[in-house]
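Chemist: Structure, please.
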Amino acid sequence: MSNIASPFDATVSDRLWNRSFIFCVLNNLFLFTYYFAFLTILPVYIMKSLGGSVKEAGLALTLFLISSIAIRPFSGLIIQKLGSKLSFRGSELLFVLFAFTYLFADQLWILLLVRFIHGIWFSILTTVAVPVANEFIPEHRKGEGMGYYVMSTNLAVVFGPFLALTILQYSDFMTLFKVLTAIICIGFIFCLMIPIQNIETVSAKKQLEKEEPSTQKNKFSLHDILELKAVPIGLVALLTAFAYSSIMSFMTAYAESKQLFAYVSLFFIIFAISMIIVRPWIGKWFDRKGANSVIYPSFVFFAIGLVIVSFMSNQWILWLSAVFIGIGYGSLFPCFQTIAIQSVPKERMGHAIATFFTLFDFGMAMGSVIIGILIAQFGYSPTYLLCALITVLTLFFYQAKVAPQLALRQ
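Modeler: Numbering: from 1, shown residues only. All right, here's what the predicted structure looks like:
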């Protein structure tokens, strides 16, 4: 055991909900509320206000993810070189500044350019935020703490779309963009209140001491940008994100095509309630009975929800699908991220998160484009049935590639 204390120790106690951790959770909640609000409403904005097509709407979502994916593998290295403080606050400041540009992006090509650049700062920010939050969680409550941290993202999946759709019922897109810009500014305030300190981990220092000076300057390998242990669960997340992108990217447009636009906001509320209700049991099952006890039934619920969506003809079917998707997908993502974190030692956590989100983002990016093309070619209903089939196949992939690794670690 090292006698070197972490600079974070002064702010961490045995209480999970210490002040610094609360700021981390709030910062994450506001960030992803902004993100998911834009993700949900952007296709409608492009098609209604900018005269774009379904394919162009998918492209706008994809460009954001392409830049995120391009920089994500290097995020761990960037954090290591710049330090967590500069990486965290610098990337969030740039993300906030670019949020203002949407107020002036009145042409499609400008919007596409803004989306591409915006994704760069989002990638670095979301990668560094997880290790920072982890530092403020008591050692014996890491699983529980990360579960609540991830839940703030899950809640944002609901708050963001609900907020955006509610505002649009009473106002216009520019008002919505102004409100979302204010939200991300509030999130940045919480970012500034987190007592981050630039330190290298003890293990990283020891590793540097073993290397020759020339090697330290010139050596660069795949290990610097990729964590192989996080790849299997990352691939599962990729396939799951592909299927889920049909909900986040096109549910609003699908509901509008069925004259159900006014009921979409309640879809996300039911999604949140379903997710929150099962959350206390999900965490306990994960810790006591293992990941499989949660992940297998969650895949089944998610697939059923997608099948129900494919037969949507009225608001009741729409809301019923929200129950299954909320329980299913709402339980899957935090489990995936926890598995990714637990698969590596602490000093590789940033790289593991970068690898995990690279694959997850790639799944969302592919989904936004390919599903948009499939919807244009075959319609909404067959496309959602295909997403349900992909979800079932992903379950078998998880059983073959990830479950055996978890069994070995037990």
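Chemist: got a list of contacts for stretch 26-34?
Modeler: When contacts are taken as C-beta atoms under 8 Å, 6 or more residues apart in numbering, the neighbours of stretch 26-34 outside the stretch itself are 92, 95, 99, 125-126, 129, 133, 149, 152-153, 155-157, 159-160, 163, 180, 183-184, 186-188, 190-191, 194. From N, CA and C alone the C-beta is placed, and that goes for glycine too.
Chemist: Write the ChimeraX selection for whichever of these are buried.
Modeler: This is the ChimeraX syntax for the buried subset of the contacts of stretch 26-34, where burial follows 16 or more other C-beta atoms under 10 Å:
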select :92,95,99,125,126,129,133,149,152,153,155,156,157,159,160,163,180,183,184,187,188,190,191,194
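Chemist: among the contacts of stretch 26-34, which are in helices?
Modeler: 92, 95, 99, 125-126, 129, 133, 149, 152-153, 155-157, 159-160, 163, 180, 183-184, 186-188, 190-191 (DSSP state H).
Chemist: list the buried ones in stretch 24-42?
Modeler: Of the residues in stretch 24-42, those scored as buried under the neighbour-count criterion (16+ other C-beta under 10 Å) are 24-42.
Chemist: So which of the residues you listed sit within helices?
Modeler: Counting by DSSP H, those contribute 24-42 to helices.
Chemist: Can you tell me the SS state at Leu50?
Modeler: Each residue gets one of three states, and Leu50 gets coil by DSSP: H, G, I helix; E, B strand; the rest coil.
Chemist: I'd guessed it sits against Leu112; true?
Modeler: No - with contacts defined as C-beta atoms under 8 Å, Leu50 does not count as touching Leu112, sitting 10.1 Å away.
Chemist: What about Lys289, how many residues nearby?
Modeler: The local packing of Lys289 (other C-beta atoms under 10 Å) involves 10 other residues.
Chemist: Against Trp281, how distant is it?
Modeler: 11 Å (C-beta to C-beta, to the nearest Å).
Chemist: Just list what the helix or strand hosting Trp285 packs against, helices and strands only.
Modeler: Under DSSP states H and E, the secondary-structure element containing Trp285 is helix 264-289. Other elements packing on helix 264-289 under the criterion 3 or more C-beta pairs under 8 Å, 6 or more residues apart in numbering; DSSP states H and E are helix 142-170, helix 231-257, helix 292-310, helix 315-342.
Chemist: angle of the first one against helix 264-289?
Modeler: In this case it means helix 142-170. Using axes from the mean of the first three to the mean of the last three C-alpha atoms, to 10 degrees, the inter-axis angle of helix 142-170 relative to helix 264-289 is 180 degrees.
Chemist: pLDDT on helix 142-170, on average?
Modeler: Computed over helix 142-170, the mean pLDDT rounds to 81.
Chemist: for stretch 188-203, same thing?
Modeler: Summarised as a single mean, pLDDT over stretch 188-203 is 74.
Chemist: does Thr127 really touch Ile353, like I thought?
Modeler: Yes - taking contacts as C-beta under 8 Å, Thr127 lies within contact range of Ile353: 5.6 Å.
Chemist: Might you list the low-confidence residue ranges for the stretch 201-350 of the chain?
Modeler: Counting by pLDDT under 70, the stretch 201-350 of the chain has low-confidence residues at 201-224, 283-284.
Chemist: Let's see that with 80 instead.
Modeler: Flagging of the stretch 201-350 of the chain using pLDDT under 80 yields the residue ranges 201-225, 248-249, 265, 268, 276, 279-288, 290, 334, 341-342, 344-350.
Chemist: Contact partners for Ala164?
Modeler: By C-beta under 8 Å, 6+ apart, the neighbours of Ala164 are 37-38, 40-41, 176, 180.
Chemist: CSV for those, including distance to Leu238 and pLDDT?
Modeler: Supplementary listing: these in CSV, determined by distance: C-beta to C-beta, whole Å; pLDDT from 0 to 100:
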residue, distance to Leu238, pLDDT
Ala37, 24, 90
Phe38, 22, 86
Thr40, 21, 79
Ile41, 25, 84
Leu176, 30, 92
Leu180, 27, 94
